[in-house]
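J.: sequence plus the predicted model coming up.
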Amino acid sequence: MNHPASLEEFVKHASKLQGDQKTLYVTQSDYTPEEIIVSDEDTAGGVNMQMIRLLASSDMDAVYWEEPFYDSGELEQVTIQLDSLKSFTRKVIPLEEMERMKSRFGTEPDAIQGEREPS
């Protein structure tokens, strides 16, 4: 399974997936890092960081991407880029199910807490 570093690469890889039963799985959840990622007084307090996780799969292969975001504008940009994947059935799933799906396609369950797998 591919694990691209950017949303643009994710969409590119997903659009090239071969096979049938193409599905785009989506999970959005709160994310609280163990350490502060950005220590900037402008970002302190207030808004919780969210994490979006995307898994595009077919019966032959899959591609996974995850990214933190802070506001609805960033999420809207994700949605706009995903519009090109019209041939995929879309399913919103809980985080636990996303972890099971990742394992099924060969990605370790806690990738969010560790390093990204090489592409």
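T.: Okay, I see it. Just so it is clear, the model here is predicted, and its values are computed rather than measured.
J.: which helix or which strand is home to residue 84?
T.: Secondary-structure assignment from DSSP states H and E places residue 84 in no helical or strand segment.
J.: what about the residue lying closest to it once chain neighbours are set aside, neighbour count?
T.: Once flanking residues are discounted, residue 84 sits nearest to residue 11: 6.0 Å by C-beta to C-beta, 6 or more residues apart in numbering. Where you see a C-beta, it was placed from the backbone N, CA and C, and this is true even at glycine. If you count neighbours by other C-beta atoms under 10 Å, residue 11 ends up with 21.
J.: would you mark the buried spots in the one helix or strand residue 11 maps to?
T.: Element membership of residue 11, judged by DSSP H and E, is helix 7-15. Neighbour counts over helix 7-15 (16 or more other C-beta atoms under 10 Å) mark 7, 10, 11, 13, 14 as buried.
J.: phi and psi next, for the closest residue to residue 59 other than its chain neighbours.
T.: Spatial nearest neighbour of residue 59, excluding adjacent residues (C-beta to C-beta, 6+ apart): residue 19 at 4.5 Å. Backbone torsions of residue 19, given as degrees, to the nearest 10, read phi 110, psi -180.
J.: the helix holding residue 11: how far from the chain's middle?
T.: The chain centre lies 11 Å from the centre of helix 7-15; the measure is C-alpha atoms, centre = their mean, to the nearest Å.
J.: and it, what does it pack against?
T.: Packing contacts for helix 7-15, counted by 3 or more C-beta pairs under 8 Å, 6 or more residues apart in numbering; DSSP states H and E, involve strand 50-57, strand 62-69, helix 72-82.
J.: and with 6 Å instead?
T.: strand 62-69 (3 or more C-beta pairs under 6 Å, 6 or more residues apart in numbering; DSSP states H and E).
J.: now do the buried residues in the strand it packs on.
T.: Along strand 62-69, these residues count as buried under the neighbour rule (16+ other C-beta under 10 Å): 62, 63, 64, 65, 66, 67, 69.
J.: beta partners for the fourth one?
T.: What it means is residue 65. Residue 65 forms beta bridges with residue 54, as assigned by DSSP bridges.
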